[in-house]
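# Here you go, sequence then predicted model.
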Amino acid sequence: MDKQFAIQFAGSFAAVALLVALAAWAKIAKPMSPLSEARARALFADEFPGRALDALWVTNDGRGALARSGASALVLCEVGDGYAARHIPWAQAVAASFRDGVLKLDLADVSAPRARLAFDSWPPAGAA
Amino acid sequence: MDPLKAQFDPVTLAIPFFVLTIILEIALTRFKAVKSHYETKDTMTSLGMGLGSNVAGVLTGGAAVAATVWVWQHRVFDIPMTAIWAWVAIFFLEDLTYYWFHRLSHERRFWWAAHVNHHSSQHYNLSTALRQTWTGGLAGTWALWLPLAFLGFPPAMLAIQKGISLVYQFWIHTEAIGRMPKWFEAVFNTPSHHRVHHARNPRYLDSNYAGILIIWDRLFGTFQPELDEETPRYGIVKNLSSFNILRVAFHEWAGIAKDLAGSRSLREAAGYLFGPPGWSPDGSRDTSATLKAQWAADQAKPNSPDVAA
Ligand SMILES: [Zn+2]
Ligand SMILES: [Zn+2]
């Protein structure tokens, strides 16, 4: 890499730092509030069109949700000011590690490896 | 004019303009003059991808340049860089090539793996435009431009026109502009058309592959207008769960590697590599075709919640 490229890269790097700082200062992310049950339902409907939910649990902190849909567990997690969703077999969700009020799910996906959901208890009564 | 080396790089020249307009978009949003959203980590990731793609371009661009020069040395016609008709011709031909490059990059997983990171932000603002690939050089899509060099368009001319296209596509990554005048929307790629391209709503998937001119989508049947009743939701079908830049750059390649390691036949391996994104041997994963079909079936139901609402 030549000198001109190095100078241009350094300049771009500084510009990126400035823009990120400006974005942080502006506080213009999408407004986030803890999930309500209705909002979680709407998000699941967007993520998994046409799938009926048999049961739905919103996390204590309102930053995620888990739903049962037949043999699948649908998982929703907050990412920044948006969400990521995946589904895994229901049996796996029931058997997942639950400690200190946190359910840790292995989503088996490189682009979303794990989910951590805050619940009072797990599995839900009568869900197994 | 040197036919081998471009006198200037439109993208480098445009960097100050990129920076100033992002500042403007953030400031106007802050003072409620326009509508847009910037999330700090998302912005950092998008701009970091832009910065990294510059470096990746230097590291992997050599083969593409060498191949283009070699092909041009075996050209059919001598096309002068000084002729206006040559610039008009390359404007259309390069844009047509871009359309097919972009369509391939969405419809086949191997090339999607390089392009997906441009789409993995859940935001649509000017910083999203700079969220550029690191692995495009490795994916080899530059080969699609070789026929133009073979026709006789000098490598420098190709480089300049590709740069112009990239710079053009910067300003359309915004929610701050609603619709352009009708005649403009009819001919050119616009913020409205490209919002649809970045949307993950099933009915918007796999449409509007245009670079500068939207006419190619109209011609080849991939045009989808932005509808007032369907606000675009941005990102990919399965959004990422983190802003980790390495995950953003390489997740689909890692996914391919994992699938290939688990594939049981050559047919399966080929499907994982060159099938549509989301292809699986048993059809258990979603592709944009299955999502569109699911969505259409849902719409057709007489009392579907969407219709009732
Ligand atoms: Zn695209
Ligand atoms: Zn784009």
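Cool, the structure landed. Ligands and ions are numbered 1, 2, ... in the order given.
# And stretch B:182-201, what's buried?
Going by neighbour count (16 or more other CB atoms under 10 Å in any protein chain shown), the buried part of stretch B:182-201 is B:185, B:188-201. In short, each C-beta sits where N, CA and C put it, glycine included.
# Quick check: of these, which lies closest to B:Val71?
Nearest to B:Val71, judged by CB to CB, of these is B:Asn189 at 27.9 Å.
# Pull out the buried positions in whichever strand or helix holds B:Gln299.
Element membership of B:Gln299 [criterion: DSSP states H and E] is helix B:288-300. By 16+ other CB under 10 Å, the buried positions in helix B:288-300 come out as B:Ser288, B:Leu291, B:Gln294, B:Trp295, B:Asp298.
# just those that are near chain A?
Among the buried residues of helix B:288-300, the ones lying near chain A by CB under 8 Å from any CB of the partner chain are B:Leu291, B:Gln294, B:Trp295, B:Asp298.
# got JSON lines for those, with pLDDT too?
Formatted as JSON lines, those follow (pLDDT from 0 to 100):
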{"residue": "B:Leu291", "pLDDT": "92"}
{"residue": "B:Gln294", "pLDDT": "87"}
{"residue": "B:Trp295", "pLDDT": "88"}
{"residue": "B:Asp298", "pLDDT": "82"}
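# hang on, B:Thr290 packs against B:Ser280?
No: with contacts counted by CB atoms under 8 Å, B:Thr290 stays clear of B:Ser280, the gap being 10.3 Å.
# and A:Pro49, that's in a helix?
No: counting by DSSP: H, G, I helix; E, B strand; the rest coil, A:Pro49 is not part of a helix but coil.
# who's in contact with it?
Residues near A:Pro49 by CB atoms under 8 Å, 6 or more residues apart in numbering or on different chains: B:Pro202, B:Leu291, B:Gln294, B:Trp295, B:Asp298.
# Please repeat the previous calculation with a cut-off of 7 Å.
B:Pro202, B:Gln294, B:Trp295, B:Asp298 (CB atoms under 7 Å, 6 or more residues apart in numbering or on different chains).
# any idea which element the nearest residue to B:Arg285 once chain neighbours are set aside lies in?
In space, and not counting its chain neighbours, B:Arg285 is closest to B:Gly278: 4.8 Å by CB to CB, 6 or more residues apart in numbering or on different chains. Taking DSSP H and E as the definition, B:Gly278 sits outside all helices and strands.
# Can you name the residues that contact B:Gly278?
B:Val237, B:Arg285, B:Asp286, B:Thr287.
# Could you report the neighbour count for residue 83?
All of this refers to chain A. 23 (other CB atoms under 10 Å in any protein chain shown).
# Oops, wrong one, chain B.
So B:Ala83, with other CB under 10 Å, has 10 neighbours.
# Got the domain ranges for chain A?
Annotated domains of chain A cover A:1-30, A:37-118 [automatic domain parsing].
# Does B:Gln132 fall in a helix, a strand, or a coil region?
coil.
# List the contacts of the nearest residue to it once chain neighbours are set aside.
Nearest residue to B:Gln132, sequence neighbours excluded (CB to CB, 6+ apart): B:Ser53, at 3.8 Å. Applying CB under 7 Å, 6+ apart to B:Ser53 gives the contacts B:Gln132, B:Thr133, B:Trp134.
# Which residue would you name as the spatial centre of chain A?
A:Cys77 (2.0 Å; CA atoms, centre = their mean).
# Equivalent analysis for chain B, please.
Chain B, centroid-nearest residue using CA atoms, centre = their mean: B:His102 at 5.8 Å.
# how deep is the closest residue to that one other than its chain neighbours tucked in, by neighbour count?
With CB to CB, 6+ apart as the criterion, B:His102 has its nearest non-adjacent residue at 4.1 Å, and that residue is B:Tyr209. Here the number of neighbours of B:Tyr209 (other CB under 10 Å) works out to 23.
# and B:Tyr209, that one's in a helix?
No: counting by three-state DSSP, B:Tyr209 is not found in a helix; it is coil.
# Quick check: it vs chain A, distance?
23 Å (CB to the nearest CB, to the nearest Å).
# Good, we can wrap up now.
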